[in-house]
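> Would you be able to build a 3D model of this:
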Amino acid sequence: MTATLEALAARLAQLEAKDEIKELKARYLRACDVKDVAALRETLLPKGAVIAYEGFPPFDDREAFVSIFEQMGCQPGVYDIHHATNAVIELVGENEATGKWSLNFQSIILANRSITQMGVEYEDRYLREDGRWYIAETRTRRISCLIQTLDDDGRAQYVAVGDPPAVYGDAPA
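Numbering: from 1, shown residues only. Predicted coordinates:
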């Protein structure tokens, strides 16, 4: 098989774009975990970013989302970890791509002595502007949930097993 220099360059450009998108998603998730609001903001498209996470109100602007993230997630005693795997990145143009990810999410909230674990599926759209990739649209669907609360003696009580509550942070009825 003989590959032309142009074909190799095109393949290399596609591999580099996919790698840049994977690094973008990693920066987003890490910024969420370490509560780095500025870094989080820089991963989202400056104008018109769509953030629609199941269990949260939808956002059509990164600043509104970042503000809520700061209010809810950046409080003392809130510890989150996002582990995303199974990336499937598809380039749909030179400056546009889609991505699907599986997320293992855990949140410890000391104020209500709770531990929430969720399996989540992301569907993203990415745009490259001025040579840099952004998350233009990100949506989630929660596929599993385990919520525990701890009593004063540290014993766990399961509040939700399987289906998540309609609104993130609420206990199911």
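
> counting contacts, what elements does the lengthiest strand in the chain pack onto?
When secondary structure is assigned using DSSP state E, the longest strand within the chain turns out to be strand 132-150. Packing contacts for strand 132-150, counted by 3 or more C-beta pairs under 8 Å, 6 or more residues apart in numbering; DSSP states H and E, involve helix 5-34, strand 50-53, strand 114-129, strand 156-162. Where C-beta positions appear, they are placed from N, C-alpha and C, glycine not excepted.

> Tell me which residues of that strand come out buried.
Under the neighbour-count criterion of 16 or more other C-beta atoms under 10 Å, strand 132-150 has 133-138, 140, 142, 145-149 buried.

> For it, the averaged confidence score.
Across strand 132-150, the average pLDDT comes to 95.

> Count the neighbours of V161 for me.
Applying other C-beta atoms under 10 Å, we find 11 residues neighbouring V161.

> The closest residue to it other than its chain neighbours: what's it in contact with?
The shortest distance from V161 to any residue that is not its chain neighbour, by C-beta to C-beta, 6 or more residues apart in numbering, is 5.8 Å, and that residue is L146. Going by C-beta atoms under 8 Å, 6 or more residues apart in numbering, L146 touches T116, Q117, M118, Y158, A160, V161.

> Could you measure from the first one over to Y158?
Just to be clear, that refers to T116. In this structure, T116 and Y158 are separated by 11 Å, where distance is defined by C-beta to C-beta, to the nearest Å.

> Name the residues contacting each of those two.
Counting by C-beta under 8 Å, 6+ apart, the contacts common to T116 and Y158 are L146, I147, Q148.

> Distance-wise, check the residue positioned nearest the centre of the chain relative to I115.
For the chain, the residue whose C-alpha lies nearest the mean C-alpha position (C-alpha atoms, centre = their mean) is L29; its distance is 5.7 Å. Distance from L29 to I115, counting by C-beta to C-beta: 19 Å.

> Show me which of the buried residues of strand 132-150 is closest to L127.
A136 (4.3 Å; C-beta to C-beta).

> residues touching the closest one, list them.
A136 makes contacts with L45, G48, A49, V50, R125, Y126, L127, as judged by C-beta under 8 Å, 6+ apart.

> Report the two of the residues you listed separated the most.
Taking C-beta to C-beta as the measure, the contacts of A136 span a maximum distance of 13.2 Å, between G48 and Y126.
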